[in-house]
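# Dropping a prediction and its sequence here:
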Amino acid sequence: MAYYTMLRTNFNAMIDRVGISCTRTPVTKTVSNTYADETLTDGTTATIVLYIKPKQTNDYSYDVEGETIKNDILALSKNNVTINKNDKINDGANTFRVMSVEPVSVEGYIIYKKINLFQL
């Protein structure tokens, strides 16, 4: 068995054991041709399993604007879960907006995805 396959299998087993069931609502962004107004439209919801990591301290990134907080919550998902920027995640008690999705790869194969969430 290839190394990346073993890692992916072990990670997926961990998500199945400790992950929580969440509702993912895909969001489509459209821009008006007249005034360039952005409109976010919700799509059909789906259930996904995520591991939501409790936040200990602020995670900062350095952007053009300066130092900014990267996320409110960090979530981890299996490699085959479809999730995109601006999607909404609801864990039953809280609703979050996906700010970024970062695939984590080994030997060029995606093992899992890190998802930066901001609470709405």
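Nice, thanks for sending it over.
# Pull out the buried residues from the helix or strand hosting Ala13.
The secondary structure element spanning Ala13 is helix 3-18 (assigned by DSSP states H and E). Buried positions in helix 3-18, judged by neighbour count with 16 or more other Cβ atoms under 10 Å: Leu7, Arg8, Phe11, Asn12, Ile15. All C-beta spots, glycine's among them, are computed from the backbone N, C-alpha and C.
# These into a markdown table, with extra columns for distance to Lys114 and pLDDT?
Listed next are the buried residues of helix 3-18 as a markdown table, based on distance: Cβ to Cβ, whole Å; pLDDT from 0 to 100:
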| residue | distance to Lys114 | pLDDT |
| --- | --- | --- |
| Leu7 | 15 | 90 |
| Arg8 | 15 | 90 |
| Phe11 | 12 | 90 |
| Asn12 | 15 | 91 |
| Ile15 | 13 | 92 |
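# I'd like to know how far Val101 sits from Val49.
When Cβ to Cβ, to the nearest Å is the yardstick, Val101 and Val49 sit 16 Å from each other.
# One more: Asp72?
For Asp72, the distance to Val49 (Cβ to Cβ) stands at 20 Å.
# repeat for Asp37
Noted for Asp37: a distance of 35 Å to Val49, by Cβ to Cβ.
# neighbour-wise, which of the two wins?
Counted by other Cβ atoms under 10 Å, Asp37 and Val49 do not tie: Val49 has more neighbours, with 15 against 9.
# Quick one: residues contacting the closest residue to the more buried one other than its chain neighbours.
Counting by Cβ to Cβ, 6 or more residues apart in numbering, Val49 lies nearest to Gly19, which is 4.1 Å off, once chain neighbours are set aside. Contact partners of Gly19, counting by Cβ atoms under 8 Å, 6 or more residues apart in numbering, are Val49, Leu50, Tyr51.
# is the residue nearest to Asn94 when sequence neighbours are not counted in a bridge, and if so with what?
Beyond its immediate neighbours in the sequence, the residue positioned closest to Asn94 (Cβ to Cβ, 6+ apart) is Gln119, lying 5.8 Å away. When bridges are assigned using DSSP bridges, the partners listed for Gln119 are Phe96.
# Surely Gln119 is in contact with Lys88?
No. With contact taken as Cβ atoms under 8 Å, Gln119 and Lys88 are classed as non-touching, separated by 11.0 Å.
# No further queries at this time; thank you.
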